[in-house]
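S.K.: Model the following, please.
(2 chains, ligands or ions: 2)
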Amino acid sequence: MLSGSDTLSVTGDRRARLTRDAIGVLVILALGIAGYFLFPNNLALLTRITAIALLVLSLDLVTGYCGVATLGHAALFGAGAYGAAIAAAHFGIADPIAMLAVGIIAGSIAGLVSGVVVLRAHGLPQLVLSIAIIHLAHEAANKASGWTGGSDGLAGIMPDAVFGLWQFDLWGRTAYVFGIVLLIVVFVLLRQIVRSPFGMLCRGIRQDPVRIRAMGGSVHGTLVRMYIISGAVAGAGGALNAISTQVVGLDSLSFTLSAEAMVMLVLGGTGSLYGALIGTLAFLWFEDVVSAANPFHWLTIVGALLIAVVLFAPKGLYGSLASYFEHRGRKNP
Amino acid sequence: MTAIFDVRNLKKTFGGLVVTNDVSLSMAPGDRVALIGPNGAGKTTFVNLVTGNILPNAGSVMLCGEDVTRLGPTQRVRRGLVRSFQVTRLFPEMTPEEHVALAILQREGRSGRMFASHRAMPDVMQEGHALLSRLGIAHLARHRVSEIAYGQQRLLELALALALKPKVLLLDEPAAGVPQSDTARIEQAIADLPSDLAVLMIEHDMDLVFRFAKRVVVLAAGEIIFDGSPDAVTKDARVRQAYLGSYADARSVA
Ligand SMILES: Nc1ncnc2c1ncn2[C@@H]1O[C@H](COP(=O)(O)OP(=O)(O)OP(=O)(O)O)[C@@H](O)[C@H]1O
Ligand SMILES: [Mg+2]
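M.R.: Ligands and ions are numbered 1, 2, ... in the order given. Purely as a prediction, here's the structure:
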């Protein structure tokens, strides 16, 4: 039996978790507001960071939480981007919420398909399958130029005002706010999912699938479900990209983007939503600053930074900080 | 009584090595069977075959009258066939509380829930807490498994098997690696199991075997060489031969 104090601690737990989530939301919100006022001329970049953050969060779900190795995750992002763009350009669906919904559905379907394929193998063969997927998807989008615009990209996306109230403007303010709100909603949903029984099951699968089976848990079914959720998140990111830039190119469905998403995730720290967010922000911001300051050697500098992080902070920026504070907290409680 | 668990003519070879040679064994509800045998006799392999962790070359496994030979490990667990591992298999980054909660939720088919938290489920928390208390590890409920002692991880390993409320329970050396002071808890937990459960325990400690078992099965070099009462086992010539042989071998190797 639980004693009275234990029952209390159950509600105490919940309060502590809600507080932590509220802090997370407030931090994103504060950064969002700061970005709006500090970099009013760079809102397009900040919106792109938000869209990529959704991709990296999505990658974290399958790689960080479930331990699936993939270098083809942009397929899910690209499916969302092309889904939203095709809906707008070919079917006249210009409502941004509807475009977002189409992107989410397209991403989920792409997640289902690539999940089913990628999960057939483990380890290196799995990685190879994921690379094959992104190349096939890229090639398919390139060939189907009637639908996708091929290598020219798909333009002519003119989203309506959000809820009929906020027009997308030249400075990208509406798109930026739209993106930040979307990110916050996704973040809150994912926080819930990763600590739910389903989230525990996923973490268990990463740590020991044999033990999960010995508990009667279904490894494959659970991973496929997570892949679909991951696809929905990446699809939302792709749709945001399509809505904010009003053009979708093959780069959103590329191996390069897949690999960069993996780099951002490792940079921030796998297996934590904060790690995914921090990694994206750090990488894209650093890339922007360095490429402006030193257009000739910026790739070298980014490479050196990555090597430094992997060598000296192998758990990533967030993971290393978190375990540092955890140790300190234990030494002086 | 009718068999709830019935293994027929199981056979497994690794390369040329016959590790399980025509093994048949059946249990009825309420059975308490000890499976003993020298190191390398094939006891763990037998459990792996029965639970579907590895595939046999021949033979069949029946559970509650149903042929489960072609089913995967997950399906067998869901039908009530649960095992514990000789070498602990746990999630290093998760807590004992999360482990037992996951096992309970899995048993009840609630492990797929996405918009819930086990900590907000009083029934799951209470049952899990009671189970951890029974094994004396409730005070570690919120420590990461990688931070707790191996002996206590062994207790958690047993807790997971119990949390699944099996019909047939296979325990692979549950007391190995547990400090002497805690083996009583393991024994008590096993003694407290529902009386209609069929339990097979692999164990090297003969005192434990004699206190637990009403029937002893001896496996040597992949074959069952004895299946009978605990009294008879120590007097059996082949059993003595098998143990003496293995010790003699061990000595000659050393
Ligand atoms: N996957 C495998 N591949 C090859 N040989 C194996 C494999 N698993 C087990 N063996 C061999 O099968 C034999 C039986 O091993 P098993 O682990 O079943 O013995 P055991 O009776 O459980 O021994 P112990 O008392 O030491 O736990 C051993 O000779 C072992 O080396
Ligand atoms: Mg063994």
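
S.K.: From here on, just use CA atoms for contacts and neighbour counts.
M.R.: Noted.

S.K.: need the helices for chain A, in chain order.
M.R.: Secondary structure of chain A (DSSP state H): helices at A:4-38, A:43-59, A:74-91, A:96-118, A:123-143, A:145-148, A:173-195, A:197-207, A:209-214, A:219-245, A:255-268, A:273-293, A:298-312, A:316-331.

S.K.: Pretty sure B:Val23 sits in a helix.
M.R.: No. B:Val23 is assigned strand when assessed by DSSP: H, G, I helix; E, B strand; the rest coil, not a helix.

S.K.: Does it touch B:Ile225 like I think?
M.R.: No. Using C-alpha atoms under 8 Å, B:Val23 makes no contact with B:Ile225, being 9.9 Å away.

S.K.: per-residue pLDDT, A:Trp166?
M.R.: What the model reports for A:Trp166 is a pLDDT of 87.

S.K.: That one reaches A:Thr174, doesn't it?
M.R.: Yes. Taking C-alpha under 8 Å as the contact criterion, A:Trp166 and A:Thr174 are neighbours in contact, 6.6 Å apart.

S.K.: Which residue, other than its chain neighbours, is closest to A:Leu277?
M.R.: Distance criterion C-alpha to C-alpha, 6 or more residues apart in numbering or on different chains; nearest residue to A:Leu277, sequence neighbours excluded, is A:Ala53 at 5.8 Å.

S.K.: pull the helix or strand with minimum mean pLDDT from chain B.
M.R.: Lowest on mean pLDDT, DSSP states H and E among the helices and strands of chain B sits helix B:237-253, with a mean of 63.

S.K.: picking up where we left off before, surely the residue nearest to A:Leu277 touches A:Gly275?
M.R.: No. With contact defined as C-alpha under 8 Å, A:Ala53 and A:Gly275 do not form a contacting pair (10.4 Å).

S.K.: quick one: contacts for the nearest residue to A:Met99 once chain neighbours are set aside?
M.R.: Leaving aside its chain neighbours, A:Met99 sits nearest to A:Ala84 (4.7 Å; criterion: C-alpha to C-alpha, 6+ apart). By C-alpha atoms under 8 Å, 6 or more residues apart in numbering or on different chains, A:Ala84 lies in contact with A:99-103, A:238-239, A:242-243.

S.K.: May I ask which of those residues has the most neighbours?
M.R.: Counting neighbours by other C-alpha atoms under 10 Å in any protein chain shown, the top entry in the contacts of A:Ala84 is A:Gly238, with 37 neighbours.

S.K.: you'd agree that residue is up against A:Ala85?
M.R.: No. Between A:Gly238 and A:Ala85 there is no contact under C-alpha under 8 Å: 9.4 Å.

S.K.: any idea how far A:Thr245 lies from chain B?
M.R.: As judged by C-alpha to the nearest C-alpha, to the nearest Å, A:Thr245 and chain B stand 33 Å apart.

S.K.: low pLDDT regions in the chain?
M.R.: I'll assume chain A. A:1-12, A:330-333 (pLDDT under 70).

S.K.: Not quite, go with chain B.
M.R.: Along chain B, segments meeting pLDDT under 70 span B:1, B:244-254.

S.K.: what are the ranges of the strands in it?
M.R.: According to DSSP state E, chain B carries its strands in the segments B:5-14, B:17-27, B:32-36, B:58-63, B:66-67, B:81-83, B:168-172, B:198-202, B:215-220, B:223-228.

S.K.: Make a markdown table from the ones you listed and add mean neighbour count and distance to ligand 1 to it.
M.R.: Shown next, in a markdown table, are the strands of chain B (neighbours: other C-alpha atoms under 10 Å in any protein chain shown; distance: least, C-alpha to the nearest ligand atom, whole Å):
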| stretch | mean neighbour count | distance to ligand 1 |
| --- | --- | --- |
| strand B:5-14 | 18 | 5 |
| strand B:17-27 | 18 | 5 |
| strand B:32-36 | 25 | 8 |
| strand B:58-63 | 19 | 16 |
| strand B:66-67 | 12 | 23 |
| strand B:81-83 | 27 | 13 |
| strand B:168-172 | 24 | 8 |
| strand B:198-202 | 25 | 8 |
| strand B:215-220 | 23 | 8 |
| strand B:223-228 | 18 | 11 |
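
S.K.: of all the ones you listed, which lies closest to chain A?
M.R.: For chain A, the closest of the strands of chain B is strand B:81-83, at 6.9 Å, according to C-alpha to the nearest C-alpha.

S.K.: And the contacts of that closest one?
M.R.: The contact list for strand B:81-83 (C-alpha under 8 Å, 6+ apart) reads A:214-215, B:47, B:51, B:63, B:76, B:161, B:164, B:166-172.

S.K.: go on, stretch A:313-321?
M.R.: Applying C-alpha under 8 Å, 6+ apart, the contact partners of stretch A:313-321 are A:266-270, A:272, A:274-275, A:278-279, A:309-310.

S.K.: What number of residues are in the vicinity of A:Ala293?
M.R.: By other C-alpha under 10 Å, 11 other residues sit near A:Ala293.
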